[in-house]
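Peer 1: return a 3D structure for these sequence lines:
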Amino acid sequence: SAKPTPYGVGFLYEVLRFLVGLVDPSEVHNPPPVRAFALAALLAAMSAGGAALSQVAALSSLLSESLAYLLVANIECAYGASADEAPPAEILSLILKCTHQHLAVVGVLASPQQEALLLRVHVALLRSKVMSSDKRLIVLESIPCLLAIPGLPLHVYAAYDCNLRRADLLGQIATALAEAARPVAGMGVDGANMLALEALTDLLASSAGVDDDDASASDESASAGTEGLLATRQKKTTVQRCAAAFNEKPKRGIEAFQASQLLSTPLDAAEMATFFRATPQLSKAAMGDYMSGPEAFSAEVLTAFCSHFDFGALEIDGALRLFLQTFRLPGEAQKIDRMMEAFARSLFAANPEPFANSDAAYVLAFAIIMLNTDLHNPNIAVERKMTIDQFVNNNRGINNSADLPRPFLERIYESIRTREIKMSDEEIQLS
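Peer 2: Down below sits the predicted model:
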């Protein structure tokens, strides 16, 4: 009989994409039993395919981005009225196993998706105060399996803890395990405490080990690599210390950055704007407060900051969403005014249509902020929320005494109505 012909990578991709789609908790047709089936099937597929799956770019992207996002979503979505009902033990176990297999297949990537996966699954669950004892045991029992992946702790440390743009992932896992190993005051040591202690010991032991790749490298190259990592780690520690000062008081933090030679003396606005964009340790609130200040240098920094965005292909609502993801908008009206003026000038320079001047873009940007607050403020009754006609009427004559096209304003209204602009989120963006 003839040998069966393989279906090929394209077919495999479509099967995995279908299963990943079934994991999405936002889809009403994916109740927990369906998601449990899909997670089990994905687990089997990743176990069978192994590292070979990561050799195909489309498959690797599907697992490292889409699946990672949905694993986090399944942890954080609501499963019932009680917080302790989320997630069910079966789904929790499958999520942890899929996370383990995900790392075994794609490796350590130093990506924001993978960072969020470990922080918002393992670390968040270890620190949970409402999770039942049996689910806590499931989480703790998954840690040794994770650490059994060859070289994982060292690779995580190099990719995240020694990366200026990533979180101290290994440090946070170790801290969460240490907290879980500490008995509750007035109570004895229980099984969960012992499992956490054993996992912490395993983590320390595996962190001190050397994998085969490192062992085969020359002593000279290994030493150079270690020195480079330690230098980056030391710089990151300095950045974290100075950022803590900036987040408390921006002026004091800037002086600390200058003293550490991370910012030049005298200050340069373009350099500082680039530093703001490249330093995630800085508080979004502190950055917004500093750039919106009345000082001339703050205005220069804000202008330089706006120049980092490419608004050419975006309408004003999309550009505003992108802009407001990078800092927290201050609450003071004058500061919001300065932010919107700088944004409008940058948007008009990159994409003038349909505006007659930057003043029209500024007025509409401010109106969008007000619309967003009105439509998504739970304290405003539904019948009192701004209608589409009111929004259009409120913006009559703002385009150099002319009206902006109504279809344009209607698109903006629907965009804001269906998807709120969230301006105070300090968490990792996964989308």
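
Peer 1: next SSE downstream of the lowest-mean-pLDDT helix or strand in the chain?
Peer 2: Within the chain, no helix or strand scores below helix 212-216, which has a mean of 49 by mean pLDDT, DSSP states H and E. Heading C-terminal from helix 212-216, the first helix or strand you meet, by DSSP states H and E, is helix 219-248.

Peer 1: what angle separates the first helix or strand past that next one going along the chain from helix 219-248?
Peer 2: Next in sequence after helix 219-248, counting helices and strands by DSSP H and E, comes helix 250-259. If you take axes from the mean of the first three to the mean of the last three CA atoms, to 10 degrees, helix 250-259 sits at 160 degrees to helix 219-248.

Peer 1: now helix 250-259 - C-alpha only, CSV.
Peer 2: Output in CSV follows, covering the C-alpha atoms of helix 250-259 (Å, rounded to 0.1, in the frame of the first residue of the first chain):
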residue,chain,number,x,y,z
PRO,A,250,10.9,63.7,38.9
LYS,A,251,13.5,66.5,39.6
ARG,A,252,15.3,64.4,42.1
GLY,A,253,15.3,61.4,39.8
ILE,A,254,16.7,63.4,36.9
GLU,A,255,19.6,64.6,39.1
ALA,A,256,20.2,60.9,40.1
PHE,A,257,20.3,59.9,36.4
GLN,A,258,22.7,62.7,35.7
ALA,A,259,24.9,61.7,38.6
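
Peer 1: just give me how far that helix sits from the chain centre.
Peer 2: Centroid separation for helix 250-259 versus its chain: 26 Å, with CA atoms, centre = their mean, to the nearest Å.

Peer 1: what's it packed up against?
Peer 2: When contacts are defined as 3 or more CB pairs under 8 Å, 6 or more residues apart in numbering; DSSP states H and E, helix 250-259 packs onto helix 219-248, helix 284-291. Every residue, glycine included, has its C-beta placed from N, CA and C.

Peer 1: tell me which of the ones you listed sits most buried.
Peer 2: Most buried of the helices and strands packed on helix 250-259 by mean neighbour count (mean count of other CB atoms under 10 Å) is helix 284-291; its value is a mean of 21.

Peer 1: what comes into contact with that helix?
Peer 2: Residues outside helix 284-291 that contact it (CB atoms under 8 Å, 6 or more residues apart in numbering): 246-247, 250, 253, 276, 298, 301-302, 305, 326-330, 335, 339, 424, 426.

Peer 1: after it, heading C-terminal, what element do we hit next?
Peer 2: Note on helix 284-291: by DSSP H and E, the next helix or strand toward the C-terminus is helix 296-306.

Peer 1: tabulate the helices and strands packed on helix 250-259 in a markdown table, adding columns for mean pLDDT and distance to residue 347.
Peer 2: What follows is the helices and strands packed on helix 250-259, written out as a markdown table (pLDDT from 0 to 100; distance: least, CB to CB, whole Å):
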| stretch | mean pLDDT | distance to residue 347 |
| --- | --- | --- |
| helix 219-248 | 84 | 28 |
| helix 284-291 | 94 | 16 |
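
Peer 1: ok, back up a step: now the contacts of helix 284-291: which count as buried?
Peer 2: 246-247, 250, 253, 276, 298, 301-302, 305, 327-330, 335, 339 (16 or more other CB atoms under 10 Å).

Peer 1: between these, which is nearest residue 178?
Peer 2: residue 247 (24.8 Å; CB to CB).

Peer 1: which residue comes closest to that closest one once chain neighbours are left out?
Peer 2: In this structure, residue 247 finds its nearest non-sequential neighbour in residue 283, 3.9 Å apart by CB to CB, 6 or more residues apart in numbering.

Peer 1: got the contact list for residue 421?
Peer 2: 317, 320, 321, 324, 368, 369, 372.

Peer 1: ok, the last one - contacts?
Peer 2: Taking CB under 8 Å, 6+ apart as the criterion, residue 372 is in contact with 416, 420, 421.

Peer 1: just give me the closest of those residues to residue 41.
Peer 2: Using CB to CB, residue 420 is the member of the contacts of residue 372 that lies nearest residue 41, at 34.2 Å.

Peer 1: okay, now the closest one: neighbour count?
Peer 2: Residues lying near residue 420 (other CB atoms under 10 Å) number 12.

Peer 1: where does it sit: helix, strand or coil?
Peer 2: Classification of residue 420 using DSSP: H, G, I helix; E, B strand; the rest coil returns coil.

Peer 1: now it: how far from residue 77?
Peer 2: 18 Å (CB to CB, to the nearest Å).

Peer 1: now swap in residue 207 and tell me
Peer 2: In terms of CB to CB, residue 207 sits 33 Å off from residue 77.

Peer 1: check residue 10 too.
Peer 2: 31 Å.

Peer 1: so those two - more neighbours on which side?
Peer 2: Using other CB under 10 Å, the more surrounded residue of residue 10 and residue 77 is residue 77, with 15 against 10.

Peer 1: which residue, other than its chain neighbours, is closest to that one?
Peer 2: Computed as CB to CB, 6+ apart, the closest residue to residue 77 that is not its neighbour in sequence is residue 25, at 4.1 Å.

Peer 1: check residue 136 too.
Peer 2: residue 192 (5.3 Å).

Peer 1: cheers, nothing more for now.
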